[in-house]
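Trainee: Pasting a predicted model and its sequence here:
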Amino acid sequence: MADGKNAKHTLKMLLVGDSGVGKSCLLQRFSDGTFTHSFMPTIGIDFKVRTVPIEGKEIKLQLWDTAGQERFRTITAAYYRGGHGVVLVYDVTDQNSFSHIKIWMKGIEQHASQGVNKILVGNKADMDDKRGQELAEKYGIRFYETSAKTGQNVDDMFLLLAKEIKHRVIDPMGDEPEEPQATSSSPKVDLTSSKDSQPQASGGCCGK
Ligand code: GTP
């Protein structure tokens, strides 16, 4: 079981996007496999940790859940620093949240490290809509439609981003996996959320 103790590598990912698009629910789905209908906006910043095997390596994912509300924008900006990957989330039923992706993208350009891996996510896919693919192509990034409610594509999305970051940060030369027998193009998922360690980043962590 991936409990994080054998993980030599930690990758830091942030979820950004307007308030209410479902960032916390995506994280909850990814870490606990559950979904809540009630909406409690994130105050400041929150995080979860999950360890996953990717191409034979135990990788600890430190997943930062930022607050979408405007008044927390400066806190979010501080967390871009040191992030390896950013998940840009909009709500497929909310045109404003889609239009605001360009503002979130600007924030990434201003505050995140160069070369940070990005992925665009149209969440609430259980409620339908299509237009993300075109926008993702414009930015030259991948696109996923997810549903935190049904679980559609949630694991695939996080694990693909983790794999892309791993290729850039951990194995830039295409190293051999540590455990060849575990090599797989679609990484196996250990649904156990590991909460054994605290993130190294500084700053307040207020959560919901
Ligand atoms: P902030 O913390 O304010 O930035 O919001 P958030 O982006 O974290 O939103 P949150 O995850 O709290 O979800 C907001 C609302 O959307 C909640 O009522 C959720 O139940 C609902 N929701 C989230 N994901 C989905 C989804 O995939 N499908 C549907 N139908 N509803 C969803």
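Mentor: Received the coordinates, thanks. Numbering: from 1, shown residues only.

Trainee: Now stretch 64-78: average pLDDT?
Mentor: Confidence over stretch 64-78 (mean pLDDT, whole number) is 89.

Trainee: One more: stretch 138-148?
Mentor: Averaged across stretch 138-148, pLDDT comes to 95.

Trainee: Just the element for residue 109, please.
Mentor: Under the criterion DSSP states H and E, the helix or strand holding residue 109 is helix 101-111.

Trainee: does the ligand sit close to that helix?
Mentor: No - on the criterion CB under 6 Å from any ligand atom, helix 101-111 is out of touch with the ligand, staying 11.4 Å away. Backbone N, C-alpha and C define where each C-beta goes, glycine included.

Trainee: and residue 82, which of the three is it?
Mentor: Going by DSSP: H, G, I helix; E, B strand; the rest coil, the secondary structure assigned to residue 82 is coil.

Trainee: from memory it sits against residue 113, does it?
Mentor: Yes - A contact is recorded between residue 82 and residue 113 when judged using CB atoms under 8 Å, the distance being 7.1 Å.

Trainee: my read is residue 48 is in a strand, agree?
Mentor: Yes - secondary structure assignment places residue 48 in a strand (three-state DSSP).

Trainee: and it, what are its bridge partners?
Mentor: Following DSSP bridges, residue 48 is listed with bridge partners residue 63.

Trainee: Would you mind listing what in the chain touches the ligand?
Mentor: 19-25, 36-39, 41-42, 67-69, 123-124, 126-127, 147-149.

Trainee: Geometric centre of the protein: which residue is closest?
Mentor: residue 87 (4.5 Å; CA atoms, centre = their mean).

Trainee: tell me the contacts of the closest residue in space to it that isn't next to it in sequence?
Mentor: Distances taken as CB to CB, 6 or more residues apart in numbering place residue 15 nearest to residue 87, at 4.6 Å, with adjacent residues excluded. With contact set as CB atoms under 8 Å, 6 or more residues apart in numbering, residue 15 has these partners: 23, 26, 27, 63, 64, 65, 66, 86, 87, 89.
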